[in-house]
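Enquirer: I would like to see how this sequence folds:
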Amino acid sequence: MRVVIAEDEPLLREGLTLLLRGRGFEVVSAVGDAEALTAALAGDPPDIVITDIRLPPGYRDEGLRVATEARRRHPGLPVVVLSSYVEKEYARELLSDGHGGVGYLLKDRVGDVAEFVRSVRRVAEGGTAIDGEVVSQLVARSRPDPLSALTPREREVLALMAEGLDNAEIAERLVLTERAVLKHVGNVFTKLDLPPSSPGHRRVRAVLAHLRQAGRGS
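Expert: The predicted model follows:
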């Protein structure tokens, strides 16, 4: 799996490079600023981009801008953005194109190596990996919306889907049976009008609908 990394902190950049190479990823480029990231993405796109939101020269949202522009040129290009804290506006922008293959992870969670690697693989396969703190802050201030038909339990299940948990992991987190979780997931799909024949990955589409709408309430 070919990876491009953009991170201005040399120690973290080198750490991510060594971590991923040690687990079978091919790090084709590891850069420290927005200009170098743009150059790294100018040719054939990698399988996934991992970038800090804030990069030199301005340390504002340069990493996110380059990544979202790359996704416009290559729809669905998997992108994981890293941030030191939750920035709801940036999370909403990342989700705005409606495609899967997105992740928003807080840097202090990258220390859980196994979970970080799982998140990268999940996003590369077209799924989502949204940090639970990001989900919590988006959902906490959401307005009434098309998701209002969901029960509180169904919203809990959908929020955990946004983190990238599968049904077994959701069942363990909520102390439910997998059969009960499967029923809740089915109800979410039905209420969001996502039948089995619906194009695209229903799980990802449900998550994106959830997070985009929640972000509008912030």
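Enquirer: use CA for all of it now, contacts and neighbours both
Expert: Noted.
Enquirer: tell me the mean pLDDT over the helix or strand hosting residue 82?
Expert: Following DSSP states H and E, one finds residue 82 within strand 79-83. The predicted model gives strand 79-83 an average pLDDT of 93.
Enquirer: part of a helix, is residue 103?
Expert: No: counting by DSSP: H, G, I helix; E, B strand; the rest coil, residue 103 is located in no helix; its state is strand.
Enquirer: beta partners of it?
Expert: Note on residue 103: beta-bridge partners residue 80, residue 129, judged by DSSP bridges.
Enquirer: neighbours of it, how many?
Expert: 28 (other CA atoms under 10 Å).
Enquirer: so what's it up against?
Expert: Remark: with contacts taken as CA atoms under 8 Å, 6 or more residues apart in numbering, residue 103 is in contact with 79, 80, 81, 119, 120, 123, 128, 129, 130, 131.
Enquirer: my guess is the second one meets residue 106, correct?
Expert: No: using CA atoms under 8 Å, residue 80 is not in contact with residue 106; the gap is 10.4 Å.
Enquirer: out of these two, which sits in the busier spot?
Expert: More neighbours surround residue 80 than the other of residue 80 and residue 106, with 26 against 18 (other CA under 10 Å).
Enquirer: show me what contacts that one?
Expert: 48, 49, 50, 51, 102, 103, 104, 105, 120, 123.
Enquirer: find the residue at the geometric middle of this protein.
Expert: Central residue of the chain (CA atoms, centre = their mean): residue 103, 1.7 Å from the mean position.
Enquirer: next up, phi/psi of residue 55, please.
Expert: phi -130, psi 160 (degrees, to the nearest 10).
Enquirer: got the confidence number for it?
Expert: For residue 55, pLDDT reads 95.
Enquirer: residue contacts, it?
Expert: 7, 8, 32, 33, 34, 61, 62, 63.
Enquirer: roughly how far does the first one sit from residue 152?
Expert: The one in question is residue 7. Note on residue 7: its distance to residue 152, by CA to CA, to the nearest Å, is 38 Å.
Enquirer: let me know the helix or strand that the residue nearest to residue 94 when sequence neighbours are not counted is in.
Expert: Leaving aside its chain neighbours, residue 94 sits nearest to residue 68 (6.9 Å; criterion: CA to CA, 6 or more residues apart in numbering). Using DSSP H and E, residue 68 falls within helix 62-73.
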